[in-house]
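[1] generate a structure from the sequence data that follows.
(2 chains)
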2 protein chains.
Amino acid sequence: MSTTTSTTPTTSTTSVTVAAPVVPTTGALTPLGLDEVRITDGFWADRQRVNGTATLPHVEHWLEREGWLRNFDLAAAGTLPEGRRGREFADSEVYKYLEAVAWELGRLGGDEALESRFRAIVDRVAAAQEADGYLNTRFGRPGQGERWSDLEWGHELYCLGHLFQAAVARERTSPGSDDGLLGIATRAADLICEVFGTDGIQSVCGHAEVEVGLAELSRVTGEPRYLELASLFVERRGTGVLQDIEWGRAYFQDDVPIREAEALRGHAVRANYLAAGATDIAVEQSDAGLLDALRGQWDRTIARRTYLTGGQGSHHQDEAFGEDFELPSDRAYSETCAGIASIMFSWRLLLEDRDVRYADHIERVLYNVVATSPSAAGTAFFYANTLHQRTPGESSPDDEVSPRASSSERAPWFDVSCCPPNVARTLASLAAFVATSDDRGVQIHQFASATIDTVIGGEHGGRFRAELVTDYPRSGVVTMRIVEAPSGPVTVSLRVPSWADDAVVTVRPVDGEPTDRAVTPGYADVERSFVPGDVVELAFSVRPRVTLPDPRVDAIRGSVAIERGPEVYCVESVDLPGGDEAIARIEVGEGVVPVEDADGRLSIELRTRSLADTAWPYGDAFAGSGPDETFTASIAPYHSWAERGPSTMRVWIPIARA
Amino acid sequence: MSTTTSTTPTTSTTSVTVAAPVVPTTGALTPLGLDEVRITDGFWADRQRVNGTATLPHVEHWLEREGWLRNFDLAAAGTLPEGRRGREFADSEVYKYLEAVAWELGRLGGDEALESRFRAIVDRVAAAQEADGYLNTRFGRPGQGERWSDLEWGHELYCLGHLFQAAVARERTSPGSDDGLLGIATRAADLICEVFGTDGIQSVCGHAEVEVGLAELSRVTGEPRYLELASLFVERRGTGVLQDIEWGRAYFQDDVPIREAEALRGHAVRANYLAAGATDIAVEQSDAGLLDALRGQWDRTIARRTYLTGGQGSHHQDEAFGEDFELPSDRAYSETCAGIASIMFSWRLLLEDRDVRYADHIERVLYNVVATSPSAAGTAFFYANTLHQRTPGESSPDDEVSPRASSSERAPWFDVSCCPPNVARTLASLAAFVATSDDRGVQIHQFASATIDTVIGGEHGGRFRAELVTDYPRSGVVTMRIVEAPSGPVTVSLRVPSWADDAVVTVRPVDGEPTDRAVTPGYADVERSFVPGDVVELAFSVRPRVTLPDPRVDAIRGSVAIERGPEVYCVESVDLPGGDEAIARIEVGEGVVPVEDADGRLSIELRTRSLADTAWPYGDAFAGSGPDETFTASIAPYHSWAERGPSTMRVWIPIARA
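    Have a look, this model is predicted:
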């Protein structure tokens, strides 16, 4: 793969033309587009290739197979509701797929066949739009519910939010395209500005998403009404505008106004989408109070309501956050979409604040949630991501729709199939999360072999090109070779992960002696008048770490987890003598550390505890039971589990006590 | 309260005339009726008094208020479906209330006002029954679903099962009554024999219950077809006769035939009701294979799927059992009805097998689930019974219907309000679980001050009267004074609980020297030719016990619980310096034991751990944090928690580690 780009980057850093998922008009950092950063090799390049060649066709196949695309044809033919298939939010999966394809086209720099598939679907969507801009296959026709009659569960505005994101992705990667998608979006947006505006329906959608879609559509079109409507939706929520339900209004964040909430709560995807949209609004409206509230919610959610994997959501029942520190491994819901939504929220705060903690969290979620969901082949997915699989379960059939929270193996498609297209759009747009710029230089947030070709703004601005080379996460060495730089001082900032306690930055000038210095977690800044050939190298150890939980996380008391670099590891039964049953009886000695072999594979000494079956699992005789077998077991990154048939698995390993 | 009964007991031990909830025609033990055992004083007498004076009127009030009784009037008036209120199973709450009142009338030996309330409701139910025997307010009329059209969720047969149990209770406590309830039941039963018989609909109800109702109705009426239909229902289930659902067919035990299942699974109430009904059938049909399967399921469920409280059900989502050892304290569902259903299953096995483990489990559930659900005043209830309350929540309003699984305080009524009338019928019939007889004598299973007045069958049979006196669970001393006994040897058997390791039985003859002997857990038999005035005393310590979990119960690793006699204890925030927040930081030193004061109250030395807020709850620095405060805290029986306003609480206390 070429290490330089073949296209000329945009020469402006104004928002509207950046080919990236989030383009604020202000903030500490400026995002770079998919034409400015290209991932060329390694972990994420492989994932992107599989996403493009396998996942995208897979998603389109299932959208057709399940009739969710055909719903639009039926709408255009005027024959709905007969024959409509899928849940109330089925339209949104089509839009998320369109968004994914738009990013993919941007990533590839165009592809004739894919472009034509994209346009064919846009045409089908366009045909279903009504004259006044309304677009939904589930409501509004004779025999269907009336428009906006079920805001709690109907998902009409939610679907439009995804439509808007798709149109935004298209406009940013293919500005001025004649496919018509942007027009579809703005007609729908104009309609809801009227229906839900100041004098309209004083309520919100049960599932936040339209807020982030509207804010981004406003950025792309310059239309302020869209941002204003998004703001109305954000401010209305939390005042009890939706009906109460068994799980309480917290489910859809309608329990407490967003400015007063202390943590994310309720349905984890809804909560993060809302927070992402609210961040967009706060940034665009320079609303410091709202931004502070959102930062506080992010802090508390990360400190108390997030799994080691970065996953969020502890309740299966309502796909929701639990209370503080309620993080059971075996009932981890950690929905794939919640992880993606958390990246959306975090990335927006990172652009605004340049705080490395947001980038650290994004990395954690990418490696341990987003990378975990799809199979290596890219055609099966985890919807929920448990951290402890107690029984091996059954294989999900290749040709059947599965229940969404089935965790024992990945499944090709779900009755609620939000996750596959959400993974697809995230992987297709992943290069946009690698680097940013500001008036001083360029910041590297995620490590991948990549090319960067952008224009730095500000006093010393100008074109900046560089090559990143790394085999991360296998090693912690990242090399950045400058290909072109503006004259004068430029600051290159490399993220030093929070766990990297031995990081060193070395500058190897093309004509001069290397210099190095120790750097601590955060952004390591290298300011220099770079010339082509200069190299900046960041190096830190990715030796395995033994991680303990805060004692308030009751579910994993007395256990440890193994991490290596950004990857959380797990023990899988297929690597244990004793098989599926043994996962319930393994222990690790206090102080035992994993060993890494020459190929980078980890193993650790474990024991299985001898436990007789008892008639009652509570008493005074358990503490004394001893180990019956000690052995060395391979452990593997969590994202790679469940690729070898049904198995049992655990991330947290109990510590053997005397 | 009188310590002798004023009525003459029945003079027969044949099944049909025993005033008890379960009356098999065969088995190791013969149940005694509510006219044969009367609880006179102490823990359960208090509960029964509150149940009769407060809970029963409370339940009737809410049945009227919510319109669930009025549904029958609307059915009779022919105006349904308009105005029908409540969920699809609302009829069943009326039937459970009728059952509770029938037992209460039996317990009281009659009560004119209550009798008249009972008859008034029976009349309203009777008026709603259709000519062919069909009885349900939710199905079968124009504008409603067709009869039997929704077996998965419609609950029609479930409702009839409760109707049958009500009619059985009435016939056993008021044989030959002219109120008409038994006729209503048999007409409905005759109808379903036709509709669901060998040539009828080859399916079952999504919620097991009709099986146990039919089996008991068969016992009361002598009609074998009812038992045969119950048997058909039990055998059909597990073969995939119901539609699959997101949680799988295990939810309604339709995943595996009952003879092949290894443990209870799926919805915990359904699973236990089914097992109870299947036990009735297996006993009546002398089906040793089915009985063995049920015993095995009971064993594994107790060994691996039951909370320390005896509660069952780890999943909120589907009110279901989790996998083996998946028993999170904070997400314990432990539905009150599942506890009651587990007593129903266990009691049937006890009558068949005379195995003390069933009686031990019944006691555990009675003290820690059934006694926990109702408030001291008897007018608010826990539906779910968590073992760890993390946040204090809000008080449930006195005049509102609450979501069922709200755990922070008891609520007066629920949208799904199965638990209040289930508690009511259990407490009203509780005396029937105290003692049994066989041809050798009398067995005491539960300890309460009570009178026994029965007729022992067999060779040396004859009238047997005794008085039980105890302040259990405050002490472990139970005295049984013989009032009348047949001539010749009689064996009195007293249960020695599994945890009673120092039990002594003393015989104090009215004319002779006392003798004593140590006895071990199980039934302590005292065989003797008793004369009036003879006393048998069982004495064991109820000193506090420190209990550890099996290491496979991950959720409570590194924690201990305190038990005293049959009662599980808990720490409640209102007893802690530091209040609600402190519950997350308490620890108990290894080896620390509770102290009992002169009033029987327990306290224990605890520490609160000093834990700074961290940005991320996983790392390597937690193990070293030390205690910042040591104090002595009162602990109280779990069943008494949440009586002092919203609070936090935990049963399992983390052990302080160096």
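[2] do you know how far residue A:224 is from chain B?
    Distance of residue A:224 to chain B, given as C-beta to the nearest C-beta, to the nearest Å: 37 Å. All C-beta spots, glycine's among them, are computed from the backbone N, C-alpha and C.
[3] I misspoke; the intended subject was residue A:537.
    Taking C-beta to the nearest C-beta, one finds residue A:537 at 27 Å from chain B.
[4] do the same with residue A:385
    Per C-beta to the nearest C-beta, residue A:385 is found 16 Å from chain B.
[5] check which helix or strand that residue maps to.
    For residue A:385, there is no helix or strand it lies in under DSSP states H and E.
[6] list the contacts of it.
    By C-beta atoms under 8 Å, 6 or more residues apart in numbering or on different chains, residue A:385 lies in contact with A:309, A:311, A:332, A:334, A:335, A:336, A:339, A:369, A:372, A:373, A:407.
[7] please apply the same query to residue A:145.
    Residues in contact with residue A:145 (C-beta under 8 Å, 6+ apart) are A:138, A:139, A:154.
[8] could these go into JSON lines alongside secondary structure, pLDDT and neighbour count?
    Converted to JSON lines, the contacts of residue A:145 look like this (DSSP: H, G, I helix; E, B strand; the rest coil; pLDDT from 0 to 100; neighbours: other C-beta atoms under 10 Å in any protein chain shown):
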{"residue": "A:138", "secondary structure": "coil", "pLDDT": "98", "neighbour count": "23"}
{"residue": "A:139", "secondary structure": "strand", "pLDDT": "98", "neighbour count": "20"}
{"residue": "A:154", "secondary structure": "coil", "pLDDT": "98", "neighbour count": "22"}
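[9] mind checking the end-to-end distance for stretch A:258-272?
    Terminal residues of stretch A:258-272 are spaced 12 Å apart (C-alpha to C-alpha, to the nearest Å).
[10] average pLDDT for it?
    The average pLDDT for stretch A:258-272 rounds to 98.
[11] please see if that stretch touches chain B.
    No - on the criterion C-beta under 8 Å from any C-beta of the partner chain, stretch A:258-272 is out of touch with chain B, staying 10.9 Å away.
[12] what residues sit buried inside that stretch?
    Buried residues in stretch A:258-272, counted by 16 or more other C-beta atoms under 10 Å in any protein chain shown: A:258-259, A:261, A:263-272.
[13] most widely separated two among the residues you listed?
    Across those, the longest distance by C-beta to C-beta is 21.3 Å; it joins A:259 and A:269.
[14] residues in contact with the nearest residue to residue A:127 once chain neighbours are set aside?
    Nearest non-adjacent residue to residue A:127, counting by C-beta to C-beta, 6 or more residues apart in numbering or on different chains: residue A:76, 3.7 Å away. Residues near residue A:76 by C-beta under 8 Å, 6+ apart: A:124, A:127, A:128.
[15] what is the nearest of those residues to residue A:396?
    When those are compared against residue A:396 (criterion: C-beta to C-beta), the nearest one is residue A:124, at 29.0 Å.
[16] surely the closest one touches residue A:71?
    No - contact criterion C-beta atoms under 8 Å: residue A:124 and residue A:71 do not qualify, at 9.5 Å.
[17] so these two - more neighbours on which side?
    Using other C-beta atoms under 10 Å in any protein chain shown as the criterion, residue A:124 and residue A:71 rank with residue A:71 on top: 25 against 17.
[18] that one: what secondary structure?
    Of the three states, residue A:71 takes helix under DSSP: H, G, I helix; E, B strand; the rest coil.
[19] that older thread, list only those of the contacts of residue A:385 flagged as buried.
    Counted by 16+ other C-beta under 10 Å, the contacts of residue A:385 give A:309, A:311, A:332, A:334, A:335, A:336, A:339, A:369, A:372, A:373, A:407 as buried.
[20] and the pLDDT at the third one?
    Confidence per residue is given as pLDDT, and for residue A:332 that number is 96.
[21] so it is in contact with residue A:314, correct?
    Yes - if you go by C-beta under 8 Å, residue A:332 and residue A:314 touch, sitting 6.6 Å apart.
[22] does chain B sit close to the lowest-mean-pLDDT helix or strand in chain A?
    Least confident helix or strand, chain A: strand A:401-402 with a mean of 86, by mean pLDDT, DSSP states H and E. No - using C-beta under 8 Å from any C-beta, strand A:401-402 stays clear of chain B, coming no nearer than 9.5 Å.
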